[in-house]
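Participant: Here is a sequence together with a model predicted from it:
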Amino acid sequence: MLDEIREKIGEEIEQLVHELNVLLPARIERAVELGDLRENAEYKSALERQQFVQLRIGHLTQRLSELSKIDVKAMPIDRVGFGSRVEIHDLAVNEVANFTIVAGDFMDLDGGQVSMASPIGQGLLGARKGEEVTIELPMGERRFKVLDLLTLPQQMEVGKG
């Protein structure tokens, strides 16, 4: 999972650097050729995009740095945490759901991922298999039971060998 996230970040950084160094300068140059920069919407738009791209590259670089500091060996092997694959039973509606706990900016709901920062993610952090948790959701309080848990260390088989 960590390698997948690093790869996604690396690809996005690569695209943004290309945009920043190749596409945006050409766009800015075309806008400058149009004349009066005070009332040139294309020029202002390109500069705003340039600023956004620079900030996004900085954010993604910081995320890469944070990912490199994750010590999977130090993560609990029996509790829900980053990267855990979880199967829960919603006791109120008698439904079972499966998902992976991920960082917020890498969330893919259609791909079965839930952010650690979401109410469900926060409520499940630290829970063990078989444990029931009460989570405050926008629609009110709900109880869930952790039916199955595969933590990131288990997925990576840390400590085996």
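Facilitator: Happy to help now that I have it.
Participant: where does the closest residue to V102 other than its chain neighbours fall, phi/psi-wise?
Facilitator: Leaving aside its chain neighbours, V102 sits nearest to Q113 (4.6 Å; criterion: Cβ to Cβ, 6 or more residues apart in numbering). C-beta coordinates here come from the backbone N, C-alpha and C atoms, glycine included. Backbone torsions for Q113, taken as degrees, to the nearest 10, come to phi -120, psi 140.
Participant: May I have the beta-bridge partners of Q113?
Facilitator: Beta-bridge pairing for Q113 (DSSP bridges): T100.
Participant: what about it, distance to L124?
Facilitator: 13 Å (Cβ to Cβ, to the nearest Å).
Participant: Tell me which of these two has more neighbours.
Facilitator: Neighbour comparison, Q113 and L124: the larger count goes to L124, with 25 against 15 (by other Cβ atoms under 10 Å).
Participant: tell me the contacts of the more buried one?
Facilitator: Residues near L124 by Cβ atoms under 8 Å, 6 or more residues apart in numbering: V80, V86, I88, I101, V133, I135, F144, V146.
Participant: And A127, by the same measure?
Facilitator: Contacts of A127 by Cβ under 8 Å, 6+ apart are R79, V80, V133, V146, L149.
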